[in-house]
Each structure stands twice: as structure tokens, then as C-alpha cells.
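Chemist: have a look; sequence and predicted model below, questions after that.
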Amino acid sequence: MYAYVIRRILYAIPILIGVNLLTFALFFVVNTPDDMARIHLGAKHVTAEAIERWKTEHGYDKPLFYNASAEGAARLTDTLFVQKSLRLFAFDFGQADDGRDIGREITTRMWPSLAIALPTFLVGLAVYISFALLLVFFRATYLDVAGVVLCVALMSISGLFYVIGGQYLLGKLWNLVPISGYEPGIDGVKFLILPVLVGVVAGIGDSSRFYRTLFLEEIHKDYVRTARAKGLPERVVLFRHVLGNAMIPILTGVVVVIPRLFLGSLIVESFFGIPGLGSYTIDAIQAQDFAIVRAMVFLGSVLYILGLLLTDLSYTLVDPRVRLE
Amino acid sequence: MRSWLWLVSLVLTACSGPLNNPHGPEEAGRNVLFSNFGPDRPKHLDPARSYSSNEVVFTGQIYDPPLQYHYLRRPYELEPLTADGMPRVTYLDAQGRTLPPEAPPESIASTTYEIRIKPGIRYQPHPCFARDETGRPRYIPLRAGDLAGIRRLTDFPETGSRELVAADYVYQIKRLANPRLNSPIFGLMSDYIVGLGEFGRMLQAVSRDLPRHAYLDLDRYPLEGAQVVDRYTYRITIRGKYPQFVYWLAMPFFAPVPPEAERFYNQPGMAERNLTLDWQPVGTGPFYLAENDPNRVMILRRNPNYRADFYPDAGEPGDAAAGLLADAGRRLPLLDEAIYRLEKEDIPQWSKFLQGYYDSSGISSDTFDQAIRIGPDGQPDLSPEMSARDIRLTTAVRTSIWYVGFNMLDPVIGGATDKARKLRQALSIALDYEEFISIFLNGRGIPAQGPLPPGIFGHREGEAGINPVVYRWQPDNGGGRPVRRDIAEARRLLAEAGYPGGREAGSGRPLTLYFDTMASGPEAKSRLDWYRKQFAKLDIQLIVRSTDYNRFQDKMLKGNAQIFEWGWNADYPDPENFLFLLYGPNRKAGKNGENAANYANVEFDRLFAQMKDLDNGPERQRVIDAMIEIVRRDAPWVFAYYPKSFGLSHAWAGNTKPNLMANNTLKYRKVEPALRMAYQARWNRPVWWPVWALVGVLIAAVVPAALAYRRRLMATVG
């Protein structure tokens, strides 16, 4: 298994280089360093000299991929791509265009993202699986039909509606929780209730339906019939046997998400005022801060690859027949 | 045990005030202003770099330039802040001889501004001023282990302060030329402050050899145009005569920066902790930045070293009746703290204002109808819902203008020919900005009659102030009002321009014009459709060329746009700061100036050069009148509107008179915390029945399910 893990990590290197190259190319297709300078220098009194000074100060005065004026290897290394990208592989993200340290921002902002995403993920998973098993238990009854109709209805509503509706009802009309905000530590619990609740409710529809389908496939199999024949209570049949055997498709969708919980969510963070990484990325795109965009895309790729690796590893835990060679 | 403590803490938190209070329970009842910032966070808090309005909200309270705007008086009036009087202005000829104040501008080779600051002003407590027992700076240089455990500025155990001296002002002027800071006004000031451009080029050469965060000691390099005279006096020398320079002295760009602060922050390990002068300002102002988490909250706290500064005892007529002089003579600042929370979306911000958790608020388009009713007289007033909450409305015409510009380099719409001029005049009549203001601004604007908004010297009200090309004066019982000329007149002008019925005379080809804009998407669609409709009144086809910010800027710089929409916010309340937008040498294409229409008129330019050096008075008004008459006739712009700002504040928030020029108005603001708590408690009583109803629904759903489950377990085959 170790050889498999090492091989997967080595595979990741060309993928990350490719992602970096693609991000770099896409970004500079639509933004020149002059554009970036103009955005950062503002609308008033921007002179050509100021633009040149900004580019020099931020290292954007080099050619993109090939430096004809340099000598030897420097023709390739003294370029914007190499100078801005290589350090990422050492997780040295450098500074944003406003001068703030990106690594420090990421380590600061990932906790608020995690504070929302982790409880939403865990509570959501428990709720969705339980609800799906409940529907399976009452399959082909009016409760099952009503549950599926409810799921479809919930799926049909935009995520933004849950956010605004939740804020209006719980925060504004009933005055039970703050509408938005964030505080670190114990004082911040009151701010988490609403976004976590909204996140969980917003996911009930599609997740529960998906899990219900998985469980329904399992429920008619022989081992379930055997378990029942042995006299096991339905609770044990569902939560131990059916759930256990449906784990592989569940894990495929779930484990890959775990590392990316750090990256947060754009809509939730924006509307609930959560200073996480989701809003950090979008703000950077709007401000054309390439340093942050590049760092966040790189980090997202790393975490996605990590998630896929963890997913593969988790298969061996839930299904002893799976071997990673 | 820990979980019990957590639960107890949660219950105590819940019991200490309304459940939906986003502020901490310890903040209730304190002399604190609650406000918000966003959707963008401030980028720079260094006074040499910060220029955006969302940055000046903070830097304006922390840094003290030598001058400030009087809080209450209108028209806007400068007065000393840290200076002990207005700057002593001396005009010199090319030989350095003193000239009388009435000397003709062309004889003035340079002007000196000598500023004496008040002694005894002290900086906020800060580690850069801390001294050890031998009197040497405690943290400059940092000793081994000094940064261990330091994450924020407040983690430094020792702080100090010192007296403000004239050298700090000179140091900051030198910083404007520091290439690492990229000050937005360096280019402009290089044209005026003697030697600043050369100083910048010299610093660029010096800094090239220094490591990125190394300290660049500006005191080692003299600057001819900014010199220390004595401990409390400094002198700025500018080229020629530039009377508007005095307004810059009221901006944070000219506030003092202590060199030791820059030396302190430029040490190894500081930038990695985000401890930079750009993020942790050091000033002498009424507040200091106690917490700077621009992702969440920024807190300004009363500077314990703030000097004796008092609320003004005079304003303009009506201020006393409005209660704005109730605090006359009180020591400033009136607040202990101001807490600004980041709000990225309008809806949560507005809801919190209505709940009483923000003391004041602007009004977005989405919330306008909820907040404001337009009365039968066309005047805005509060809606019954707002009135019932004792909310107050303040309005002010902003020192800004929006206009539609014609690129004067364009072969169809531009140029000084009679044909092109009449085409532009026809379009000026056709674009009905009364309708635009009503539809898109909810009435928050005044149709513009010229380039100067109200409140700026040179603006004329009434019949004398209308644009006769576009409006005629219609007398009525109230004295009269401007009425837009009929569209038939626009059609006549269009025909005279060679486009009868919107077709080119001779060839018969339809006239097609191009509108270049950054606006796109569903929100912009209705506005762009409105423009099409206005042009269609003259049977002119308008093609909208939407593009992004960068492409748009590029087009403007190259002079490739044809018709565009643009706006300008005044840097200072002087007509020069508006009329220079039409000054020929200041054109955008090729010269990167602010004259976006690339307008050039010899007579206008001559009058501008004359006007900018004149003091406000009849002579200046006469010149301005002549200039405005020229641009009205030439019509390089469709003068669109002067925007109005609407602000709401709660009953407990006082001294909220809008001052659109001043940056440091926070020190005058006040709140009544007890009243605020009472209103908050009344408006935010928790409603529990939905919780019980939900529990009931869950029970109603679970019980039958549990019974069914039990029945199924008990069921037997057969």
C-alpha cells in the first residue's frame, strides 16, 4: 500500500504543474500585468510611471514564459511563470498584491471556514443517512412517498433562498440568532447555528434521495434477508448491515470532500459574514490578485488529490476485499 | 466538566441580551459606535498609499494632517488641525525674491507654505516608541527572541509615545516618492513639489539594491521642496502658484509619520506577521486602530494621548435647531470606540440596522422603497415604518458629477465642427436625466446643468444656472424651474447637423453610434435599454459595446471609445478640481490625464489657466461663467446628474451631519448607549413559538413512525 501511496503522490506532481500552467495561462490571457496594476492603483491620478513602478515592485515586469534578454537557463527561470509558481511547491505562497502574507491569511481563514463546514458536513451526513434509512424502512408506504416528494421539493429550491429565508425567519422575524457575523471561540457559537442549520437543510433533498437509492439497492440483497431471518432487529439490519455495505459509493462522494472543507463556501461565507477561504478566493478574483488566485487554485488541487487518495485508502477500511496494489 | 462550563456560558450569553445580537455582551451599554464596512475590505492604511473612501474612514481618524474641514460650516471651509494657524503662503519670483500676494501668476516662480504645528501633540502608544532603561529604542533593532509569541501588535509588552515634530511631516512628504509605496499622488505632486520627481528617481535607484523589506532611511536624503525650519515648523515649496495645494494639506497624504515606525516595521519577521505600517497605522489622531482584522472587524479606540480638541461652537444657520451645537465646547472625541464589522451583502447589513445593531446606514436600491416615501412635492421623506422606529434621514448633494462623455477625437461625434457640435447638443437634449434619476436612482440625484455641483464655488442656482442648450426656464409661483427642451428642438439640431430623421443627408444611411461601457449583465440591461430608447427618440441606432474594466480603460487610454459614461468625485471643494476634467493638456488619450472626453478648446484652456490661480470672488466667478458657457455650447459631455447621498441614523446616534469633504468626522459623533439598549431590547424579543411548533411537528412525525416500527417488529408471518 505504501508503494501505491508514493506512486500516487508522484503522479500528483505533473498534475499540479499542469494546473499551475493552466491557471497561469488563463489568468494572463484576460489580464495583463498593466491591467492588474491599474486595478490596484485605483481610478485617479494613475500615471504610466506608476504602473511601471507597481509592476517592478510586485515582480510583474518579467516576460511570461521566455526571457530573451537573459542568459542561459535564466531565459526560462527568470520569467513570471517560474518566479511566481515554483515556490508554491514548497507551500511558500508569498505575498498578496496588497502586501499581506498569503500563507498567514490561509492559516487564519481556514478555521472560520472549517467552523462552518465541519459541523455542516457531520450533522448533515448523520441527518441525510438517517433520513434516507427511515425512508427505506418505510419504503412503498405513504411516508416514503411523502419523504421523496419533500426531497424533490427541497432540491428544487435555490440555495440562496435557504440562506435568505433562514436569515429572515430565524434572525429577523423570530430574533433567535444573529443574522450574520463571526467570532472566534465560544462567543462564535451563536453565529454558527444559522449557517449550519441552513447548510444541513439545503442538502437534505439531494443527499437523502441519493442515499435512499443506494440503500434500496442493498435492501433486497440476500445478506439482508439472512440478517432478518436471524431475527436481527430492523434497526441493526439497516444501520449495521445495509449501511456498511453501501459505504463504498457513500465514501466515493464523501471522503473526497473532507480535505476541501477548509476551502469553505462562497455563498454561505458571503451572506453570513464568515471570514473564510471561500470569500478570500472570490475577492481575489474580483481584485485580480493573481498571487492569491494562484495559491488558492494550487491549494484546491492539492486537497482534491489528497481527497481522492484518502477515498481510495478508505475503500480498504470498509471492504476487506479491496487491495491497493 | 468542560461541556457543563460551555453550556453555562451559552446560557449566560443568551440571558445577557437579545439572542440575535451580533455584538458581544460586554459591548452592550458602552460608549461605542457600531458601524460596518464592505463589501471590499480596505487595501491600504498607509497614509502615503490610501486613497479609497473605505480606507480613509480609518486613516482619517488616526492620522492628523495639518488642516481639516470645519465640521459644520458650509460652503466647506478649511481650518487648522495640528497647525497653529493657516499656512503662511509666500510667493517668490525666479530670483527667490518675495512677491506680494496680488502678484500676477506668471511672475510667480515658486510658492512656499510655512506651517507651524502646535507643540505638545503626542502619538498614540506604540511599541516603536518604547525605550529601554538606557533610553534606547526597545524594539529597534529587535533582539533575539523579541518576536517569539508575537502575532499581533498588542502582543508587544512595552509601548511608548513621543511628541509630534515638524520633521515627521517632512518625512511623510518624502515617503510619497518612495517607489516601494507607489503613492497614488506621487505623479501629481511631482509636478508641484520642488524636487519630488528627482527625489523619487533617486530613491528608485537606491532601493533597487536593498532587500525587499529593508528600511530605506529617507532622512539621509534631503528634499528641496520639503524642509524642516525648526522643531515645530516646516516649509513646503511648490512650483509656480497652485492655490488648491492647501486642500491637499487636509488629506492623510500630508499627515505625519514617525520614522521610527517605519524602521520598526521594516525589521525581519514583521511582514510575515502582517505587521506593517500599511496595516498597523501610527498616528496622533483621536483614535488608534486597536484591532485590525479586515476579514471580520476593525476597531478604532480613543487615543489616550489625544490632545485637547473641542467640538465647534458655531456652524451654519439651522445647526443649532438641529441639535448640532448641543455639544459645543465638549472635548473630543465623544466616543470611546467605534466597531466596524465587515458586511459583504446588503441584506444582512440592512436587517441589522433595523434591529438596532448598527447605528447608521446608507440606503441601497433594494431597500429604498422600504425606507423612503417621495412626497407629493417630490421631496423624500421617511416611510411610516422608519418613522415608527424614530429613525432620522439626512440628505446631501455629493460633490460629484456623472456625465456621458463624447470622445472628441472621434470622427463622427467629436471635433469642433458645427455639425458635430449640433449632434452632441441634440443628444444632450434627448437624454432625459429627469427620467433616469426617477427610474434608476429613486430620485437620489439632481439633473446637472454644468460641470460644477452645488456647494462648489462657481455653481449657480436658479435661472442664471441653467444650461440654455438643454433647458429653458419656466417661471411659476415658486419662482421658476428648468424644463428640458422639447425633443423637436433636438430633431431640428440633428437635421442641422446633417442627420435629418437620424439619417445621413445625402447617402441616407442611418446614423449609428456606439456606447462603450463596463456595465453588463441583467442589472445593467435595463439601464442600457434606457440609453437605446433615448437615442431612438432621434431615430439614432445605439450599439452598446460592453466590456470589462481593463478593456474599457484600454479603450479610453487609446481614445477608441465613442460615447461613454463616467463620474468624478471631488478631491477638494474647488472648481479647479472639476474644470480640469475638461482641460486640453489633461486629456486621457495619449497623456493619461483625467480629461476622458479628450476635449480641447483654446479659449477654455486659457480661461482655466487664469481661473485656477484666482481666489474665490467676482472675478473668478466671471471666468468660470465664461468657461461653463463654452462647454455648454461645445457639449463634450451630457451633464447627467449630481448624486445625492441619503443616510439613516437611529434616535440614539447624534451629530450625524454629512460632511462629504472631511475625513475625520468620527470624533464628533456620539451615541446614547442606554437608549440604544432599550430600543434593541424592544425590537429583538425572541419569538419562541416556532421552536415549540417545530418540536411538535417532529414529535407528530416521529411518534407514528416509532409506532409503525414497533408494529412491524411485532408482526408475525401469516
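Modeler: Noted; the coordinates are in hand.

Chemist: so for the lengthiest strand in chain B, what gets flagged as buried?
Modeler: Ordering each strand of chain B by length in residues (DSSP state E) puts strand B:637-649 first. The neighbour-count criterion (16 or more other CB atoms under 10 Å in any protein chain shown) identifies B:637-644, B:646-649 as the buried residues of strand B:637-649. Backbone N, C-alpha and C define where each C-beta goes, glycine included.

Chemist: immediately after it, which helix or strand?
Modeler: Next along the chain after strand B:637-649, taking DSSP states H and E as the criterion, comes strand B:653-654.

Chemist: for that next one, packing partners?
Modeler: Secondary-structure packing of strand B:653-654 (3 or more CB pairs under 8 Å, 6 or more residues apart in numbering or on different chains; DSSP states H and E): strand B:670-671.

Chemist: partner strands of the strand it packs on, parallel or antiparallel?
Modeler: strand B:653-654 (antiparallel) (DSSP bridges).

Chemist: what's in contact with the strand it pairs with?
Modeler: For strand B:653-654, the surrounding residues in contact (CB atoms under 8 Å, 6 or more residues apart in numbering or on different chains) are B:33, B:323, B:326-327, B:359-360, B:669-672.

Chemist: from those, pick the one nearest B:Met611.
Modeler: B:Arg669 (36.5 Å; CB to CB).

Chemist: how about that closest one, phi and psi?
Modeler: Main-chain torsions, B:Arg669, degrees, to the nearest 10: phi -70, psi 150.

Chemist: need the contact list for it.
Modeler: B:33, B:334-335, B:338, B:653-656.

Chemist: do that again at 7 Å, thanks
Modeler: Going by CB atoms under 7 Å, 6 or more residues apart in numbering or on different chains, B:Arg669 touches B:33, B:334-335, B:655-656.

Chemist: repeat that for B:Glu343.
Modeler: Contacts of B:Glu343 by CB under 7 Å, 6+ apart are A:273, B:36, B:38, B:349.

Chemist: let's see that with 6 Å instead.
Modeler: Counting by CB atoms under 6 Å, 6 or more residues apart in numbering or on different chains, B:Glu343 touches B:36, B:38, B:349.

Chemist: which of the contacts of B:Arg669 sits closest to B:Pro259?
Modeler: Closest to B:Pro259, out of all of the contacts of B:Arg669 and judged by CB to CB, is B:Leu335, at 30.4 Å.

Chemist: just give the number of residues close to the closest one.
Modeler: 21 (other CB atoms under 10 Å in any protein chain shown).

Chemist: one step back: would TSV of the buried residues of strand B:637-649 with pLDDT be doable?
Modeler: Listed next are the buried residues of strand B:637-649 as TSV, based on pLDDT from 0 to 100:
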residue	pLDDT
B:Trp637	97
B:Val638	97
B:Phe639	97
B:Ala640	97
B:Tyr641	97
B:Tyr642	96
B:Pro643	95
B:Lys644	93
B:Phe646	92
B:Gly647	94
B:Leu648	96
B:Ser649	96
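
Chemist: near chain A, list only the ones from those residues.
Modeler: Of the entries in the buried residues of strand B:637-649, none also sits close to chain A under the rule CB under 6 Å from any CB of the partner chain.

Chemist: which of the residues you listed sits closest to B:Pro447?
Modeler: Here the nearest of those to B:Pro447, counting by CB to CB, is B:Tyr641; it sits at 5.6 Å.

Chemist: now, the contacts of B:Glu343 that are in helices?
Modeler: Judged by DSSP state H, the subset of the contacts of B:Glu343 located in helices is B:Gln349.

Chemist: compare the contacts of B:Glu343 and tell me which is most surrounded.
Modeler: Neighbour max across the contacts of B:Glu343 (other CB under 10 Å) = B:Gln349, 25 neighbours.

Chemist: which positions in the stretch 151-300 of chain B make contact with chain A?
Modeler: When proximity is defined as CB under 6 Å from any CB, the stretch 151-300 of chain B approaches chain A at B:179, B:182, B:184-185, B:187-188, B:272, B:274, B:278, B:295-296.

Chemist: buried residues in the helix or strand hosting A:Ile106?
Modeler: Per DSSP H and E, A:Ile106 falls inside helix A:102-137. Using 16+ other CB under 10 Å as the test for burial, helix A:102-137 gives A:102, A:104-106, A:108-110, A:112-117, A:119-121, A:124-125, A:127-129, A:131-137.

Chemist: the helix or strand that comes right after it packs against which elements?
Modeler: Next in sequence after helix A:102-137, counting helices and strands by DSSP H and E, comes helix A:142-156. Secondary-structure packing of helix A:142-156 (3 or more CB pairs under 6 Å, 6 or more residues apart in numbering or on different chains; DSSP states H and E): helix A:189-219.

Chemist: what mean pLDDT does the helix it packs on have?
Modeler: Model confidence over helix A:189-219, given as mean pLDDT, is 92.

Chemist: still on that earlier bit, just the buried residues of helix A:102-137 that are near chain B?
Modeler: Among the buried residues of helix A:102-137, chain B is touched by A:Arg104 when using CB under 6 Å from any CB.

Chemist: quick one: list the elements packing against the longest strand of chain B.
Modeler: Strand B:637-649 packs on strand B:392-397, strand B:400-406, helix B:433-440, strand B:445-447, going by 3+ CB pairs under 6 Å, 6+ apart.

Chemist: B:Thr665: what's its closest spatial neighbour, skipping adjacent residues?
Modeler: Among residues not flanking B:Thr665 along the chain, B:Asn659 sits closest, at 5.3 Å (CB to CB, 6 or more residues apart in numbering or on different chains).

Chemist: list the contacts of the closest residue to A:Leu266 other than its chain neighbours.
Modeler: Of all residues not flanking A:Leu266 in the chain, A:Gly278 sits nearest, at 4.5 Å (CB to CB, 6+ apart). Counting by CB under 6 Å, 6+ apart, A:Gly278 touches A:264-266, A:269.

Chemist: separation between A:Gly278 and chain B?
Modeler: A:Gly278 sits 11 Å away from chain B, going by CB to the nearest CB, to the nearest Å.

Chemist: secondary structure class for that residue?
Modeler: helix (DSSP: H, G, I helix; E, B strand; the rest coil).

Chemist: coming back round to it: now distance to A:Ala146 too, for the buried residues of strand B:637-649, in JSON lines please.
Modeler: Shown next, in JSON lines, are the buried residues of strand B:637-649 (distance: CB to CB, whole Å):
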{"residue": "B:Trp637", "distance to A:Ala146": "64"}
{"residue": "B:Val638", "distance to A:Ala146": "61"}
{"residue": "B:Phe639", "distance to A:Ala146": "63"}
{"residue": "B:Ala640", "distance to A:Ala146": "57"}
{"residue": "B:Tyr641", "distance to A:Ala146": "56"}
{"residue": "B:Tyr642", "distance to A:Ala146": "59"}
{"residue": "B:Pro643", "distance to A:Ala146": "54"}
{"residue": "B:Lys644", "distance to A:Ala146": "54"}
{"residue": "B:Phe646", "distance to A:Ala146": "49"}
{"residue": "B:Gly647", "distance to A:Ala146": "50"}
{"residue": "B:Leu648", "distance to A:Ala146": "46"}
{"residue": "B:Ser649", "distance to A:Ala146": "50"}
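
Chemist: looking at those residues, which is nearest chain A?
Modeler: B:Pro643 (16.0 Å; CB to the nearest CB).

Chemist: how many residues are close by the closest residue to B:Gln562 other than its chain neighbours?
Modeler: Excluding the flanking residues, the one nearest B:Gln562 by CB to CB, 6+ apart is B:Tyr514, at 4.3 Å. By other CB under 10 Å, 18 other residues sit near B:Tyr514.
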